[in-house]
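[1] Can you look at this prediction? I've put the sequence above it.
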Amino acid sequence: MSAPAAPPPSRPRPFGTVLTAMATPFTAEGELDLDAAQRLAAHLVDAGNDGLVVAGTTGESPTLAEREHDALLAAVVEAVGDRATVVAGSGNNDTAHSVARARAAEATGVHGLLVVSPYYNKPPQEGLRRHFEAVADATGLPVMLYDIPGRTAVAIATDTLLRLAEHPRIVAVKDAKADLFASSVVMAGCDLAYYSGDDTLNLAHLTQGAVGMVSVVGHVAAAQYAQMAAAVDAGDLATALALHRRLLPAVTAIMTRTQGAIMVKAALQLQGTLAHRTVRLPLVEATPSQVEQLRADLEEAGVL
């Protein structure tokens, strides 16, 4: 009988392993609550996240004023910047504005940038490439590209990703394209670090070479996701699969019934981590019936 295969070599993780796309706390009146943001950031790091994405989509970035972006980033860096990687959501559909936001984020002390594909414009691949390179050229920070065609209406093509991998500061991809084969082709062809950007596919991404995840469910399951990543690294797929299956009710509850930012704030309120589940329009708060179903699902998953 042959000896068991050795665990794969350690892979570079430029932003950590388990990053939560942090919700942005608001008061009951809808004002930005920086004290609650600092408490939430500390809670998430204590719970097992080694990185946070702040002012991203789950953080309701389209509804944040620029001064709120900067204040939120600075507050989170102050709270946990010495214990976790803080990545700023910096992209939008205007390259000049994205460059300005990247520079403003750098001034707050963040450790990296998450730059989404320009949404609504539907640029050609050459436009995507130039957009990402312009933002990466604007600061000295490492960049994680965010490929999520379900929101942006355009995917980053494999050839474009391979070209962008040549840029010294473009080091990672948050993959929410739901095309596992395309992701594996890119990972085989360059050194970009892949992070699952879709909680329904976290295990699948890890097993084909992703180094971690940028998660919404990580608000309530960071420790389990850290264990899953460690199990895959060790070649223990049985443990990783058991964790994946245990978390299915939580993923279903937070990611499939309505917008994730809505449900994760309700989950944090159920935990007692947030006082309010306030979101800003055009999002709306989870209904009482949604919250009760969420409670049952989180209890079944063992995270409440």
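    Sure thing, it's come through.
[2] R13: neighbour count?
    18 (other Cβ atoms under 10 Å). The C-beta positions use only the backbone N, C-alpha and C, and glycine is treated the same way.
[3] tell me the pLDDT at the nearest residue to it once chain neighbours are set aside?
    Once flanking residues are discounted, R13 sits nearest to V211: 4.6 Å by Cβ to Cβ, 6 or more residues apart in numbering. We have a pLDDT of 97 for V211.
[4] same check, this time on C190
    On pLDDT, C190 comes in at 97.
[5] what's the answer for G91, then?
    At G91, the predicted lDDT confidence score is 86.
[6] Checking my notes, it in a strand, right?
    No - going by DSSP: H, G, I helix; E, B strand; the rest coil, the assignment for G91 is coil, not a strand.
[7] ok, it touching V115?
    Yes - between G91 and V115 a contact is recorded at 3.9 Å, counting by Cβ atoms under 8 Å.
[8] And those two? Which one has more around it.
    Remark: of G91 and V115, G91 carries more neighbours, 28 against 25, as counted by other Cβ under 10 Å.
[9] ok, now how distant is the more buried one from T287?
    32 Å (Cβ to Cβ, to the nearest Å).
[10] Kindly report the same for Q38.
    29 Å.
[11] same check, this time on R295
    13 Å.
[12] cool, and M228?
    For M228, the distance to T287 - Cβ to Cβ - is 31 Å.
[13] These two: who's more crowded?
    Counted by other Cβ under 10 Å, M228 and T287 do not tie: M228 has more neighbours, with 27 against 12.
[14] quick check, Y146 in a strand?
    Yes - applying three-state DSSP, one finds Y146 inside a strand.
[15] and it, what does it touch?
    Neighbour list for Y146: G56, G91, L114, V115, V116, S117, V173, K174, A176, G197 [criterion: Cβ atoms under 8 Å, 6 or more residues apart in numbering].
[16] what sits against A47?
    Going by Cβ under 8 Å, 6+ apart, the list of residues near A47 reads A222, A223.
[17] Do you have the strands of the chain handy? List them.
    For the chain, applying DSSP state E gives strands covering 18-21, 51-54, 85-89, 112-116, 143-147, 170-175, 193-196, 212-215.
[18] how close does the residue nearest to R13 sit to R169?
    Taken as Cβ to Cβ, the span from V211 to R169 is 17 Å.
[19] Same check on V143?
    From V143 to R169 the distance is 5 Å (Cβ to Cβ).
[20] ok, back up a step: find residues that contact each of G91 and V115.
    Joint contacts of G91 and V115 (Cβ under 8 Å, 6+ apart) are S98, V135, Y146.
[21] Could you dump the residues you listed into CSV with pLDDT and distance to A222 added?
    Shown next, in CSV, are the shared contacts of G91 and V115 (pLDDT from 0 to 100; distance: Cβ to Cβ, whole Å):
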residue, pLDDT, distance to A222
S98, 97, 29
V135, 98, 28
Y146, 98, 20
